[in-house]
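J.: Mind looking at a prediction? Sequence and model below.
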Amino acid sequence: MGDVGNMAKLFDTTSSENTIIAKEELFHPDYCPTEALHRQNEMETVAAAIEPMIHGKACTNMFICGASGTGKTLCMKLILDQLKESSALVTPIYVNCWDYPTKMAIFYKISEALSLILPRRGLAADEVFERILDAMKKQNIAILLVLDELDSIVFRKEDSFLYTMSRAGLDRGARFGIVAISNKKDLTMLLDARAASSLRLSSFEFKEYNVEQLKAIVLERATNALVPKTWDAEAIEACARAGFGKNGNARLALEILWKSAQLAEQRNSAKIELQDIEEVVKMVEQRPSRGQRKKVSFQAQGLNLCEEEKILVNILLDGELPSTELYEAVAAKMKKSKRQIRNYLQLLEARGIVESKETSSGANDFLKMKIYALKPQGAG
Ligand SMILES: Nc1ncnc2c1ncn2[C@@H]1O[C@H](COP(=O)(O)OP(=O)(O)OP(=O)(O)O)[C@@H](O)[C@H]1O
Ligand SMILES: [Mg+2]
């Protein structure tokens with residue numbers, strides 16, 4: 001074997017102790033605090049819409065919207081925890097639609113929650129739904145279905161089952177309550193028309209946090225997760241302000257606190273300094289460009305696009321284009337008329353995948369033209 005004796009040590013074994021971060025798990029993305037600060041009113045409003053279900057009545061179906069990091073998911077999880085303790089008549093089922101992106105996936109998730117044993121041979125979605133209805137009647141329960149990040153099933157046009165589901169109460173005596181969540185305010189306009197009219201979603205917005213509220217949120221996390229005296233009020237304020245600058249985003253403010261603490265530890269500093277926070281804020285701002293992020297998110301989404309739409313999206317991944325250049329680029333790849341290409345673009349725009357703006361016309365109105373770009377998917 002080689003001569004290890006004289007080799008420089010590759011691993012530092014002297015101290016593996018964290019000097020600033022005491023409980024790193026409190027910064028992990030799926031950590032759920034036991035309380036949502038400054039969200040009591042929002043939680044009461046949502047709970048009031050659900051409460052009739054506990055008394056055997058209909059739920060006011062809701063659409064909760066609000067910018068990224070405004071506490072929608074956190075509040076909903078806290079509400080569901082309480083609902084579980086309050087009533088055996090209502091089974092709450094939380095679904096993140098990116099993880100369960102089709103009607104079939106959601107039906108399976110519900111079956112699992114009802115402990116339904118489904119046969120091995122593949123059942124059609126309608127058959128699975130029938131079994132769910134039977135089980136609900138046998139077990140005498142109503143279901144509160146929370147569809148977080150609803151965008152995923154709306155973009156895939158998988159949302160029409162919501163019509164059947166909301167009708168099931170009237171037609172079959174099986175009650176469903178629906179709470180849909182998204183950070184896209186206009187999403188309901190893209191919802192399957194029949195589903196939208198039968199659900200009669202009542203919209204409710206989570207407003208962006210202000211600096212004071214963000215300070216309270218960051219302060220609480222610092223108190224619980226960091227070693228005392230390794231941070232001060234100035235650091236809390238700097239993190240809160242950074243989150244405030246990004247639409248009142250608590251997730252971002254907390255992430256900046258976490259990364260700054262890591263940086264200060266790496267520097268062997270006794271405490272988090274403003275320079276750590278500034279550096280982290282800069283890093284966050286230099287994250288992959290919007291274009292690159294969009295690229296990744298489009299690939300990940302596996303949107304249900306036809307070949308022509310895929311060609312259009314791929315061209316726009318490299319950046320926005322004026323309509324004439326876009327037509328040329330498309331024409332080089334497939335035989336389609338301008339009118340046909342325009343139709344595809346209109347559809348993509350209606351689905352919230354593409355956006356367009358008109359160039360300022362200047363003196364000459366003939367020069368006015370449309371510029372097409374991919375619409376950023378999800379904030380963050
Ligand atoms: N009021 C609050 N009190 C304590 N922590 C909060 C509060 N609001 C948000 N957070 C923290 O910020 C993070 C982001 O919140 P949450 O996931 O609920 O945002 P969201 O509105 O669902 O955002 P998105 O639209 O991106 O899904 C959570 O991890 C949570 O720990
Ligand atoms: Mg969320």
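T.: That came through, no problem. Ligands and ions are numbered 1, 2, ... in the order given.

J.: How about the residue nearest the centre of the chain: what's its closest non-neighbour residue?
T.: Centroid check for the chain by Cα atoms, centre = their mean gives E149 as the closest residue, at 4.6 Å. Distances taken as Cβ to Cβ, 6 or more residues apart in numbering put C97 closest to E149, at 5.0 Å, once the chain neighbours are dropped. For glycine as for every other residue, the C-beta is placed from the backbone atoms N, C-alpha and C.

J.: Please list all residues in contact with the residue nearest to the centre of the chain.
T.: By Cβ atoms under 8 Å, 6 or more residues apart in numbering, the residues touching E149 are N96, C97, W98, I181, S182, G378.

J.: you'd agree L326 is up against Y372?
T.: Yes: at 5.5 Å, L326 and Y372 qualify as touching, with contact defined as Cβ atoms under 8 Å.

J.: Neighbour count: the two, which is higher?
T.: More neighbours surround L326 than the other of L326 and Y372, with 23 against 20 (other Cβ atoms under 10 Å).

J.: circling back: measure the residue nearest to the centre of the chain to N247 for me?
T.: From E149 across to N247, the span is 17 Å (Cβ to Cβ, to the nearest Å).

J.: repeat for R194
T.: Here the criterion is Cβ to Cβ. By it, R194 lies 33 Å from N247.

J.: Y372 now?
T.: Distance from Y372 to N247, counting by Cβ to Cβ: 25 Å.

J.: Find the residues that touch each one of L326 and Y372.
T.: Common contacts of L326 and Y372 (Cβ under 8 Å, 6+ apart): L316, L345.

J.: all strands for the stretch 101-250 of the chain, in order.
T.: With DSSP state E, counting those that start in this stretch as the criterion, the stretch 101-250 of the chain has strands at 142-148, 176-182, 202-205.

J.: average pLDDT across the biggest helix by length in the chain?
T.: The residue-count maximum for a helix in the chain (DSSP state H) belongs to helix 250-266. What helix 250-266 shows for mean pLDDT is 95.

J.: Can you tell me which helices and strands that helix packs against?
T.: Here helix 250-266 touches helix 211-225, helix 233-244, helix 274-285, going by 3 or more Cβ pairs under 8 Å, 6 or more residues apart in numbering; DSSP states H and E.

J.: who wins for proximity to A67 among these?
T.: Taking Cβ to Cβ, helix 233-244 is the member of those nearest to A67, at 10.9 Å.

J.: pLDDT below threshold where in this structure?
T.: Applying pLDDT under 70 to the chain flags the ranges 1-5, 12-17, 288-302, 360-368, 377-380.

J.: which residues touch L123?
T.: L123 neighbours (Cβ under 8 Å, 6+ apart): R131.

J.: Sorry, slip of the keys, the one I care about is A124.
T.: For A124, no contacting residues are found, by Cβ under 8 Å, 6+ apart.

J.: Show me which residues of the chain sit near ligand 1.
T.: Proximity of the chain to ligand 1, by Cβ under 6 Å from any ligand atom, involves residues 33, 36-39, 66, 68-74, 183, 217, 250-251, 254.

J.: In PyMOL, select just the buried ones from the residues you listed.
T.: To isolate the buried subset of these in PyMOL, counting by 16 or more other Cβ atoms under 10 Å, use the following:
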select buried, resi 33+36+37+39+66+68+69+70+71+72+73+74+183+217+250+251+254
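
J.: domain ranges for this structure?
T.: Per automatic domain parsing, the structural domains of the chain span 40-205, 210-285, 290-374.

J.: Could you identify which of these is most buried?
T.: Greatest average neighbour count among the domains of the chain goes to domain 210-285 (a mean of 19), per mean count of other Cβ atoms under 10 Å.

J.: quick one: that one to chain centroid distance?
T.: From the chain centre to the centre of domain 210-285 is a distance of 23 Å (Cα atoms, centre = their mean, to the nearest Å).

J.: what do you get for stretch 169-180?
T.: How far stretch 169-180 lies from its chain's middle: 25 Å, per Cα atoms, centre = their mean.
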